[in-house]
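Asker: My questions are about this predicted structure, shown below with the sequence.
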Amino acid sequence: MGVDIYKHIDFDNYTLNFESNLIESRIEDFEIDKKFDLILSITSLEHIENDVLTVCKCDDILKTGGIQIYVIPSFWSLFIHLWHGYRQYNPKRIKILFNEKKYKVYRLGGIFSFFLILLFISIPNLLFSRILQHSSVYPKLIEKCNRLDKSLPFCSHLYVVVVKKSI
């Protein structure tokens with residue numbers, strides 16, 4: 001089950017092999033009696049005006065022992081995505097947002113993937129209104145950058161926050 005403000009054009013292409021149900025709604029207005037084992041939010045929390053309310057709402061519809069996973073932009077994403085969404089996150093903001101919850105934070109990316117996104121997506125989009133991530137060389141560069149990022153993990157542009165609901 002997915003909740004989004006509108007159905008994305010590629011939604012049906014990504015859900016061909018499993019049953020899916022999309023509810024077109026703002027998460028702040030979403031009401032359901034059902035409880036879930038897993039709630040996954042991928043680069044959407046920064047687009048929701050009241051992220052604190054959203055995290056609380058998700059916690060309310062999560063089963064005890066359930067997991068919430070949030071992929072959120074770090075401070076460094078500001079330099080590669082400019083003002084995209086309402087906010088970027090830092091460790092202090094994450095601590096406030098997930099206060100009193102059992103959570104773990106993982107960093108994604110590093111200096112190499114930061115510059116890859118800057119050079120293949122951000123600058124071409126800004127200058128030419130197109131991105132180069134669909135070039136044949138981009139997937140190979142992503143793979144190399146991911147390996148190199150392990151040796152220089154600073155400038156991570158995303159955080160993954162995993163929250164487990166305790167009893």
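Answerer: Okay, I see it.

Asker: Going by C-alpha atoms from here, please, whenever you check contacts or count neighbours.
Answerer: Will do.

Asker: Run a quick neighbour tally on I67.
Answerer: 19 (other C-alpha atoms under 10 Å).

Asker: From G109, how far out is it?
Answerer: 23 Å (C-alpha to C-alpha, to the nearest Å).

Asker: now swap in I94 and tell me
Answerer: 18 Å.

Asker: Over to the closest residue to I61 other than its chain neighbours: give its phi and psi.
Answerer: Spatial nearest neighbour of I61, excluding adjacent residues (C-alpha to C-alpha, 6 or more residues apart in numbering): K35 at 4.8 Å. Backbone torsions for K35, taken as degrees, to the nearest 10, come to phi -110, psi 150.

Asker: try S156
Answerer: The phi/psi pair for S156 (degrees, to the nearest 10) is phi -60, psi 130.

Asker: how near is the closest residue to F154 other than its chain neighbours to K101?
Answerer: Spatial nearest neighbour of F154, chain neighbours left out: G110 (5.0 Å); criterion: C-alpha to C-alpha, 6+ apart. According to C-alpha to C-alpha, G110 stands 27 Å off from K101.

Asker: Run the chain-centre distance for stretch 40-47.
Answerer: 4 Å (C-alpha atoms, centre = their mean, to the nearest Å).

Asker: Now that stretch - C-alpha only, PDB.
Answerer: Only the C-alpha atoms of stretch 40-47 are listed here, as PDB (Å, rounded to 0.1, in the frame of the first residue of the first chain):
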ATOM      1  CA  LEU A  40       9.100   3.000   4.000                       C
ATOM      2  CA  SER A  41       9.700   6.700   3.100                       C
ATOM      3  CA  ILE A  42      12.200   7.300   0.300                       C
ATOM      4  CA  THR A  43      13.200  11.000  -0.100                       C
ATOM      5  CA  SER A  44       9.700  12.300   0.600                       C
ATOM      6  CA  LEU A  45       9.900  13.400   4.300                       C
ATOM      7  CA  GLU A  46      11.600  16.700   3.200                       C
ATOM      8  CA  HIS A  47       8.700  17.500   1.000                       C
END
